[in-house]
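>>> sequence first, predicted model second:
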Amino acid sequence: MPELPEVQTIADDLNKKIKGDKIVDFESFWKKSIKGGSFDEFLRGIVGRKIEGARRIGKNLFIDLSGGKTIYIHLKMTGHLLVKPASMKHGTQNMEQKIQNAKQEGYFDEKVNQYIRHVFYLKDQNAKLKTTIQKSKLLNAKYDKTLEFSDLRKFGKIMLVDTEKVMKLPEIAKLGTDVMDEKFTVKLFKEILKKKQKSVIGNVLMDQSLISGIGNIYRSEILFESGVDPKRKVSELKDSEIEEMYKNTLKIIKKAIKLRGTSDSDYRDTSGAPGEMHRFLKVYNREGEKCKKCDTIVKRKKIGQRSIYICSECQK
Ligand SMILES: [Zn+2]
């Protein structure tokens, strides 16, 4: 599932690629994903509006539009967004176009990017026009870009909301402090843990109502890097261990954003490319392989419902 670094990468990409564009049309091949109203209401609500920008809150993505409206997208398990030039519209390319486009954006042809459930048609309002021919072509084209939602498992959701009500959405209102928020200090981290003395640290790190942004992948990495066994009770942790976990949380999440996320399964960025972070993961998804620090075999355990990966030698 896309976590903080992956959703942040998508939001940053969208701000570079589609900010300022106007939505001219929308198509859905899986209308069940549209929540809070019908497909027609959603369509009427977005067409003609300008994209003001994209932002992330927790693992949720928001695309703010002109006129006080916002598209709320949850990517869930397998969702990701692709921005394509108009010539690449899903299913309509001829062979010559495909060869041409493959050279530019080779990743779009990968299977993982073929589960297109929804398409936003966009018109660039600030296109840099070099020649009059280009200009007339662009002005006459109905759209010049698409934003496509690929979602193998179809669990993703899309909803149109009032921008001013975003923070009041139940999914957002319940979130704790974001790990990338400057308010998330070591002092605050200690205060959060103080209230959860009887809980096991592996669960506390994943509780989005306490701290927002640590998911299953990065939980394993933070605990490994800090040398802490996930099953330890918070009350047993030393101050130095808590400080180490805080430091590693910021270090690992920032590194994952820099490397454009972890693509251990379906996640891709807006050009269809995988992130690089999974190549640097030390325990996550490495069951049966040697620990990168001590050669002990990495084990997969369950904590709550979810898997956690540990080195029993490095983590005490
Ligand atoms: Zn080890």
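Thanks, I have the structure now. These numbers come from a predicted model, not from an experiment. Numbers count the residues shown, from 1 in each chain.
>>> okay, now the unreliable bits of the stretch 151-300 of the chain?
Within the stretch 151-300 of the chain, no stretch has pLDDT under 70.
>>> near the ion, which residues of it?
Cys291, Lys293, Cys294, Thr296 (CB under 5 Å from the ion). Yep, even glycine has a C-beta here, placed from its N, CA and C like the rest.
>>> quick check: the farthest pair among those residues?
Between any two of those, the greatest separation by CB to CB is 8.5 Å, found for Lys293 and Thr296.
>>> what touches both of those two?
Counting by CB atoms under 8 Å, 6 or more residues apart in numbering, the shared contacts of Lys293 and Thr296 are Cys311, Cys314.
>>> what does the stretch 1-150 of the chain have sitting close to the ion?
Counting by CB under 5 Å from the ion, the stretch 1-150 of the chain has no residue next to the ion.
>>> quick one: the strands in the stretch 1-150 of the chain?
In the stretch 1-150 of the chain, the strands defined using DSSP state E, counting those that start in this stretch lie at 22-28, 34-35, 51-57, 60-65, 69-74, 79-85, 116-123, 145-151.
>>> same question for the stretch 151-300 of the chain.
Going by DSSP E, counting those that start in this stretch, the stretch 151-300 of the chain shows strands at 157-162, 177-178, 211-212, 299-303.
>>> comparing these, which comes out most buried?
Among the strands of the stretch 151-300 of the chain, the stretch with the highest mean neighbour count (mean count of other CB atoms under 10 Å) is strand 211-212, at a mean of 22.
>>> related to what we said a few turns ago, buried members of the residues of the stretch 151-300 of the chain next to the ion into PyMOL, please.
Those of those that count as buried under 16 or more other CB atoms under 10 Å are selected in PyMOL with:
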select buried, resi 291
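>>> tally of neighbours for Val298?
Other residues near Val298 come to 22 when the count uses other CB atoms under 10 Å.
>>> skipping its backbone neighbours, what lies nearest it in space?
Arg286 (4.6 Å; CB to CB, 6 or more residues apart in numbering).
>>> one more: Val283?
Tyr309 (4.0 Å).
>>> cool, and Asp64?
Asp64 sits nearest to Glu52 (CB to CB, 6+ apart), 4.3 Å away.
>>> my guess is the one you found contacts Gly68. True?
No - Glu52 is beyond contact range of Gly68, at 9.9 Å (criterion: CB atoms under 8 Å).
>>> quick one, which of these two is more surrounded?
Glu52 (18 against 13).
>>> quick one, what contacts that one?
Lys19, Asp64, Leu65, Ser66 are the contacts of Glu52 under CB under 8 Å, 6+ apart.
>>> measure it to the ion for me?
As judged by CB to the ion, to the nearest Å, Glu52 and the ion stand 47 Å apart.
>>> next: Ala54.
In terms of CB to the ion, Ala54 sits 39 Å off from the ion.
>>> burial count for the closest residue to that residue other than its chain neighbours?
What sits nearest to Ala54 in space, not counting adjacent residues and going by CB to CB, 6+ apart, is Leu14, at 3.8 Å. Per other CB under 10 Å, the neighbour tally for Leu14 reads 21.
>>> tell me the pLDDT of Leu14.
As predicted, Leu14 sits at a pLDDT of 97.
>>> for it, what are its contacts?
Counting by CB under 8 Å, 6+ apart, Leu14 has contacts Ile51, Gly53, Ala54, Ile63, Leu81, Val83, Leu147, Thr270.
>>> how near is the fifth one to Lys231?
Okay, so that is Leu81. 37 Å (CB to CB, to the nearest Å).
>>> neighbour count winner among those two?
Leu81 (26 against 15).
>>> which stretches of the stretch 151-300 of the chain form helices?
170-173, 186-194, 201-206, 216-226, 239-258 (DSSP state H, counting those that start in this stretch).
>>> by how many degrees do the longest one and helix 186-194 diverge?
By that I understand helix 239-258. 110 degrees (axes from the mean of the first three to the mean of the last three CA atoms, to 10 degrees).
>>> ok, now the fourth one?
With the same axes, to 10 degrees as the criterion, the two stretches helix 216-226 and helix 186-194 enclose an angle of 100 degrees.
>>> I'd like the distance from helix 216-226 to the chain centre, please.
18 Å (CA atoms, centre = their mean, to the nearest Å).
>>> got a list of what the residue nearest to Asn285 when sequence neighbours are not counted touches?
Excluding the flanking residues, the one nearest Asn285 by CB to CB, 6+ apart is Asp264, at 5.4 Å. Contact analysis of Asp264 by CB under 8 Å, 6+ apart lists Ile217, His278, Leu281, Tyr284, Asn285.
>>> okay, these in CSV with neighbour count next?
Formatted as CSV, the contacts of Asp264 follow (neighbours: other CB atoms under 10 Å):
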residue, neighbour count
Ile217, 25
His278, 18
Leu281, 20
Tyr284, 22
Asn285, 16
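>>> please consider this matter closed, and thank you.
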